[in-house]
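Chemist: Structure for the following, please:
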Amino acid sequence: MNEIFLQLQQLDTVRLNFGGNGGLVLSIVQAFIMFGVALGIKPLHLKTAFTHPKSVLTGFVSQVLILPAVTFIAVYFFRSYLTVTVALGAILVASCPGGNISNFISSISRANIELSVSLTAISTISAVVITPLNFTFWGNLFIESSDLVREIYVPISQVFKTLFFIIGIPLILGILCSTKFPDFTKKIAKPIQRISVIIFMGMVIIAFAANFDLFCQYIKYILIIVLVHNGLAFLSGYMAATVMRLNDRDRKTLTIETGIQNSGLALMLIFNPEIFPPEVLTGGMAFMAAWWGVWHIISGLSLSTYWNLVRKYRYINYKKVRS
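Modeler: Below is the predicted model:
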């Protein structure tokens, strides 16, 4: 066995310290975030699916079909280096809907913000069904095909049940609130969205502080895996938009929407004892999801900065030519 696999195998036995009720708190925060996302969902965003079907359909396919499939191919190709739980962590993140920070990244990237919000809304609403189906299909397919298999079973009913309570109910309540009380919603939407993101980032910082020694020991292995996986996610969105000949703004949007995933939802599922009982070793999955939550913010902002620099460079050259 190679050194990377041996180190990751040790990581599987590690349990991240989120406090005694960390899993419950994480679930409540995630539900609060979903409620905040739902407050921003308007009929106009869902209408975009009909007025711009090509871009919306391409983005949806990129997120729910292409990314999980590309992830499975990647982890299967490198299966001799990855433990089952690290591979499942990558598949779980790829099965989650887009993260709400993708809307912010799209706005500062001069991408199509309406398309971004629409894709986030559609992928989040459909996640109640799509996420458990993708995770169980690709996860169990990898487990069955791996020579390193251990007794891990992905229970689709429990994943569906959890997502209904964490995503479904907050979305229903949020959409009802925005529909029935539009004026009230305008006042509370942005504060709730900002507070939820701040709370979640605070939990991530606290979690990394509480697990700092483990982070220093294993990050060099997880970092490269997440970097490659996140790069493939961005590339999947970009290539899907390019193949479908979408315009530059929509291509940027699909790149961001496919590369920014709701890894907080993945963490919440991992720490749910009804899905992964305490006796199941999930250290690799937890590390993958936790570092994804940090890295996709860094990579998304970096990509946005690059695009803005390119745009500025082209504008300067255009002015020179005109003069």
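
Chemist: From one end of stretch 279-286 to the other, what's the distance?
Modeler: 15 Å (CA to CA, to the nearest Å).

Chemist: Check which residues of that stretch are buried.
Modeler: For stretch 279-286, burial by neighbour count (16 or more other CB atoms under 10 Å) applies to V280, L281, T282, G283, G284, M285, A286. Heads up, the C-betas are built off the backbone N, CA and C, glycines and all.

Chemist: Please apply the same query to stretch 27-42.
Modeler: 27, 29-42.

Chemist: okay, and for the stretch 151-300 of the chain, where does confidence drop off?
Modeler: 151-159, 197, 200, 203-204, 207-208, 210-211 (pLDDT under 70).

Chemist: how about the host helix or strand of A286: buried residues?
Modeler: According to DSSP states H and E, A286 maps onto helix 283-322. Judged by neighbour count using 16+ other CB under 10 Å, the buried positions of helix 283-322 are 283-297, 299-300, 303-304, 307.

Chemist: go on, stretch 230-242?
Modeler: Buried residues in stretch 230-242 (16+ other CB under 10 Å): N230, L232, A233, F234, S236, G237, Y238, M239, A240, A241.

Chemist: Just the residues contacting it, thanks.
Modeler: Here stretch 230-242 makes contact (CB atoms under 8 Å, 6 or more residues apart in numbering) with 55, 58-59, 61-63, 66-67, 70-71, 74, 94, 250-251, 253-259, 261, 292, 295-296, 299, 303.

Chemist: Does I167 touch F32 like I think?
Modeler: No - if you go by CB atoms under 8 Å, I167 and F32 don't touch, sitting 11.8 Å apart.

Chemist: just the helices in the stretch 1-150 of the chain please.
Modeler: Per DSSP state H, counting those that start in this stretch, the stretch 1-150 of the chain has helices spanning 3-12, 22-39, 43-51, 53-61, 67-77, 84-95, 101-108, 113-145. These are given in chain order.

Chemist: and among the ones you listed, the most buried is which?
Modeler: Neighbour counts (mean count of other CB atoms under 10 Å) averaged over each of the helices of the stretch 1-150 of the chain peak at helix 84-95, with a mean of 28.

Chemist: Between helix 283-322 and it, find me the angle.
Modeler: Using axes from the mean of the first three to the mean of the last three CA atoms, to 10 degrees, the direction of helix 84-95 lies 40 degrees away from that of helix 283-322.

Chemist: list the helices and strands helix 84-95 packs on?
Modeler: Counting contacts by 3 or more CB pairs under 8 Å, 6 or more residues apart in numbering; DSSP states H and E, helix 84-95 is packed against helix 3-12, helix 67-77, helix 113-145, helix 212-243, helix 263-270, helix 283-322.

Chemist: That helix vs helix 212-243, what angle?
Modeler: 50 degrees.

Chemist: rewinding a little: need the helices of the stretch 1-150 of the chain in a markdown table (columns: mean pLDDT and distance to L269).
Modeler: Shown next, in a markdown table, are the helices of the stretch 1-150 of the chain (pLDDT from 0 to 100; distance: least, CB to CB, whole Å):
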| stretch | mean pLDDT | distance to L269 |
| --- | --- | --- |
| helix 3-12 | 69 | 17 |
| helix 22-39 | 71 | 9 |
| helix 43-51 | 64 | 26 |
| helix 53-61 | 91 | 21 |
| helix 67-77 | 94 | 15 |
| helix 84-95 | 90 | 7 |
| helix 101-108 | 81 | 19 |
| helix 113-145 | 83 | 8 |
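
Chemist: All set now, cheers.
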